[in-house]
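>>> what's the 3D shape of this:
(one chain, ligands or ions: 1)
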Amino acid sequence: MLRIGVNGYGTIGKRVADAVAEMPDMELVGVSKSRPNHTADAARRRGYAVYAPEERHDDFEAASIPAAGVVEDLIADSEIVVDATPAGMGAQYRPVYAEHDTPAIFQGGESAEVAETSFTAPANYEEAIGQQYVRIVSCNTTGLNRTFAPLIEAYGIERADVTLVRCRGDHAVIKPDPTTLPSHHGPDALEVLPEIGEIQTMGMKVPTIRHHVHSLTVTLNDSPDAAAVRDLLSEQSRIHVIPEQLGIESGWDLQEYALDRGRDRMNLYENQIWGESITTNDEHLSLFQSIHRESDVVPENVDAIRAIAGTADAAESIERTNEALGIDTV
Ligand SMILES: NC(=O)c1ccc[n+]([C@@H]2O[C@H](COP(=O)([O-])OP(=O)(O)OC[C@H]3O[C@@H](n4cnc5c(N)ncnc54)[C@H](OP(=O)(O)O)[C@@H]3O)[C@@H](O)[C@H]2O)c1
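Numbering: from 1, shown residues only. Have a look, this model is predicted:
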């Protein structure tokens, strides 16, 4: 059993903790919170040991949610730590992980330099085997890499042009974000898949929640027909090609779909590609896909654990993770 700590129990950390707890080959040592609020209370009720930063430890006692220890105890007791602290804080924790010789997995809010490898399991699992520090790229970049990887293998990619419409706008406005090009997603995708060649990514933010939408145009080295591309993408376990007859038109419908399917925390781990959008014109392929920002990186974190530990190859790990999380059954 791999003993895993999750440092940071927010949007990503709580989902990774749940996933680790579901894995037959892993044991969740505990999670960390900086505030003894309702999320800490709920974690305790789920049976998770909650650790606190040293300077906050007594606040937990005072709030009747006694901490199991300080974050350094969690790090010391874990074989591998998944760092899901706020963006930029992972780099501050890195020396603490190093002090305890505890390998760590960082998230997309950290810069690429924080780790030896930026990671998306179906794209470059092998590069993370035995590494001390691995970074899961952002939710959007993970979604892009999952679509690019099989296209590269089947046809080769000459270049990709992507517009990312991202949820999380602050006010009721639509805005380019950032206004300069490219957004971080293109360079990040190249960290994992240099075979993409050239990529331009343009980001926007809109005032909605949970689901991002990508408009992709990929120039391939081949000219497959749309049906062949659709078959190829449908075969990928972390891609769901939405059949037109399901009538899924928006992120709202996807959210309802996740709930109706009984997915905890509305998780939709798979890229959601609108089947009827898959269109080819000679070597140009275009499609729309949606990404659930809160959960698509979760299976990647689980696979990165096995890659670091060297306990499974890519195919074995992806299959184990998928089976435990119910992926491929949507
Ligand atoms: N949110 C997304 O959709 C998303 C998607 C993909 C990747 N990411 C990346 O994932 C990472 C985490 O993002 P998030 O959205 O999950 O953040 P979040 O919801 O703000 O959660 C951060 C967690 O870290 C805890 N924390 C704060 N200070 C801490 C400290 N000193 N020591 C230990 N834990 C501490 C927080 O505890 P308190 O709540 O008690 O303060 C909270 O549980 C970031 O790199 C982000 O860019 C986020």
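
>>> in space, what's closest to the residue of the stretch 1-150 of the chain found nearest the ligand - neighbours in sequence excluded?
Across the stretch 1-150 of the chain, no residue is closer to the ligand than residue 10, which sits at 1.8 Å (C-beta to the nearest ligand atom). C-beta here means a position set from N, CA and C on the backbone, and glycine is covered the same way. Among residues not flanking residue 10 along the chain, residue 84 sits closest, at 6.5 Å (C-beta to C-beta, 6 or more residues apart in numbering).

>>> next: residue 9.
residue 31 (4.1 Å).

>>> do residue 85 as well
residue 8 (3.8 Å).

>>> rewinding a little: ok so the residue nearest to residue 9 is a strand residue?
Yes. According to DSSP: H, G, I helix; E, B strand; the rest coil, residue 31 belongs to a strand.

>>> who touches it in this structure?
Applying C-beta atoms under 8 Å, 6 or more residues apart in numbering, we find residue 31 in contact with 5-9, 13-14, 17, 43, 48-51, 74.

>>> ditto for residue 100
Residue 100 neighbours (C-beta under 8 Å, 6+ apart): 72, 75-76.

>>> and the gap between it and residue 77?
Going from residue 100 to residue 77 by C-beta to C-beta, to the nearest Å gives 9 Å.

>>> ditto for residue 144
Taking C-beta to C-beta, one finds residue 144 at 36 Å from residue 77.

>>> what do you get for residue 93?
15 Å.

>>> could you do residue 276 as well?
50 Å.

>>> settle it for me: which of these two has more neighbours?
Neighbours per residue, other C-beta atoms under 10 Å: of residue 276 and residue 77, the larger number sits with residue 77, 18 against 14.

>>> give me every residue that touches that one.
Here residue 77 is in contact with 3, 5, 29-30 (C-beta under 8 Å, 6+ apart).

>>> which of these are buried?
Taking 16 or more other C-beta atoms under 10 Å as the criterion, what is buried in those is 5, 29-30.

>>> for the protein, which residues are neighbours of the ligand?
Contact residues, the chain versus the ligand (C-beta under 6 Å from any ligand atom): 7-13, 32-35, 53, 71, 84-87, 107-110, 138-139, 293-294, 297.

>>> so where's the chain shaky on pLDDT?
Scanning the chain with the threshold set as pLDDT under 70 gives 329-330.

>>> hmm, what's the outermost residue in it?
residue 62 (34.7 Å; C-alpha atoms, centre = their mean).

>>> just give the closest residue to that residue, not the sequence neighbours.
Using C-beta to C-beta, 6+ apart, the closest residue to residue 62 is residue 36 (7.7 Å).
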